[in-house]
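Peer 1: Coordinates only, no sequence provided:
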């Protein structure tokens with residue numbers, strides 16, 4: 001007997017950091033960023049989510065946004 005129903009979503013403690021970030025509301029990502037000492041502005045939080053979706057890595061997303069901010073400040 002096989003079932004075609006989708007698998008239930010794993011509990012939050014079984015998700016990767018990337019999966020959690022993508023499931024969070026922007027306000028939740030802002031709070032998390034602030035707790036981690038990063039810029040908690042909504043555009044930064046949305047940027048993190050977009051980069052995580054495209055790069056597949058939270059670390060790479062944070063580095064990319066930090067590099068972008070450093071380049072803007074230097075200009």
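Peer 2: Cool, the structure landed. None of the values given here were measured: they were computed from a predicted structure.
Peer 1: from here on, contacts and neighbour counts on C-alpha atoms
Peer 2: Fine.
Peer 1: Could you say which helix or strand holds residue 71?
Peer 2: In this structure, residue 71 is located in helix 58-74 according to DSSP states H and E.
Peer 1: Name the residues of that helix that are buried.
Peer 2: Across helix 58-74, burial judged by 16 or more other Cα atoms under 10 Å covers 58, 61, 62.
Peer 1: For those residues, could you give me JSON lines that also reports pLDDT and distance to residue 50?
Peer 2: Shown next, in JSON lines, are the buried residues of helix 58-74 (pLDDT from 0 to 100; distance: Cα to Cα, whole Å):
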{"residue": "58", "pLDDT": "89", "distance to residue 50": "10"}
{"residue": "61", "pLDDT": "89", "distance to residue 50": "8"}
{"residue": "62", "pLDDT": "83", "distance to residue 50": "11"}
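Peer 1: tell me which strands and helices the helix holding residue 71 is in contact with?
Peer 2: helix 42-55 (3 or more Cα pairs under 8 Å, 6 or more residues apart in numbering; DSSP states H and E).
Peer 1: Quick check, pLDDT for the nearest residue to residue 22 once chain neighbours are set aside.
Peer 2: Leaving aside its sequence neighbours, residue 22 sits nearest to residue 49 (Cα to Cα, 6 or more residues apart in numbering; 5.8 Å). Looking at residue 49, its pLDDT stands at 94.
Peer 1: Could you do residue 6 as well?
Peer 2: pLDDT, read off for residue 6, is 56.
Peer 1: Which of the helices or strands spans the closest residue to residue 56 other than its chain neighbours?
Peer 2: Computed as Cα to Cα, 6+ apart, the closest residue to residue 56 that is not its neighbour in sequence is residue 18, at 7.0 Å. Here residue 18 is covered by helix 17-23, with elements defined by DSSP H and E.
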